[in-house]
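>>> The amino acid sequence is not available; the structure is as follows:
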């Protein structure tokens, strides 16, 4: 699993450029005859494990936060717009990689800089080592996408790298799709696009699949670092079962069901209340006449940075929890 996460997080795939992630997943699933695989117009990859029971959608987004070239000045420095929720304090002097392989570093205007005020992104630029505009234009063009450079660090049980949000979810879905566990349910593993810019892939894929029940798999913040905000989620204490975030409130029958499955199978779990942010679950929950939707979140520190950190035990236990849910006869819960 750790190698799978390393592979997935090494891919540069900002919103609207998820194809390299799709290619990796398709290659990994090649030869799995029990799976039906298709792509839709928005680029979502939908992997179906056909069954006669309830239709269950499990979703994780492939895209990551990134940059897009909007201007090249006479000295060859690149002004950029952000794609998704980039935090300025997380990107100063970080290395970036464009989708064509060109690398650079994020600099900032020094004239107004002081340690009390973090520069805004429109006061930053990307330095690709070009000597002037003509030199830079040989390497990049307006509209070229990029993301933070992969920096996978193996800390034993814990790992740190860019885009755990949400390649960790993709790794969990891929592991589940590769596992030939028995279930009567009709399972749709949906690797969604453009989550970071408005949950767009989840909207179209949920409309297409029209599930009876759904689980979004994503990351969530933690409250276990010094002097941090109050939050009852810690690394290594198990997957977090969402109760509420800024975009959705999970219905109590869904929370109770997921907790019951965790307890029955002795899988450690936490309950998540996230003050800011949301997931594909918000969009799936409000599809058509509404969908019973839960969220399994992997506790993660330093979200939307080049050094996001998670615990591999939480990842493995997320796989176990979702697998047990997918085995269940949901009609016995009235779903």
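Right, received. Where do you want to start? All values reported here derive from a predicted model rather than from experimental measurement. Residues are numbered from 1 along each chain as shown.
>>> neighbours around the closest residue to residue 331 other than its chain neighbours, how many?
With Cβ to Cβ, 6 or more residues apart in numbering as the criterion, residue 331 has its nearest non-adjacent residue at 6.8 Å, and that residue is residue 54. C-beta coordinates here come from the backbone N, C-alpha and C atoms, glycine included. Using other Cβ atoms under 10 Å, residue 54 has 21 other residues around it.
>>> Contacts only, for residue 98.
Residues in contact with residue 98 (Cβ atoms under 8 Å, 6 or more residues apart in numbering) are 12, 69, 104, 140, 144, 145, 146.
>>> Next, format the residues you listed as TSV and append secondary structure, distance to residue 28 and neighbour count.
TSV is the format used below for the contacts of residue 98 (DSSP: H, G, I helix; E, B strand; the rest coil; distance: Cβ to Cβ, whole Å; neighbours: other Cβ atoms under 10 Å):
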residue	secondary structure	distance to residue 28	neighbour count
12	coil	18	23
69	strand	31	19
104	strand	30	25
140	coil	31	20
144	coil	28	18
145	strand	23	19
146	strand	25	27
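>>> Just give me the closest of those residues to residue 330.
Residue 330 has its nearest neighbour among those in residue 12, at 38.0 Å by Cβ to Cβ.
>>> who's in contact with the closest one?
By Cβ under 8 Å, 6+ apart, the neighbours of residue 12 are 20, 66, 97, 98, 99, 146, 147, 150.
>>> Could you double-check that the residue nearest to residue 331 lies in contact with residue 188?
No - with contact defined as Cβ atoms under 8 Å, residue 54 does not reach residue 188; the gap is 11.1 Å.
>>> For the stretch 201-335 of the chain, just list every one of the strands.
Secondary structure of the stretch 201-335 of the chain by DSSP state E, counting those that start in this stretch: the strands cover 213-220, 240-244, 270-273, 292-299, 308-311.
>>> between those, which one is nearest to residue 260?
strand 240-244 (10.6 Å).
>>> helices and strands around that closest one, which ones?
Strand 240-244 makes packing contacts with helix 252-264, strand 270-273, strand 292-299 when contacts are defined by 3 or more Cβ pairs under 8 Å, 6 or more residues apart in numbering; DSSP states H and E.
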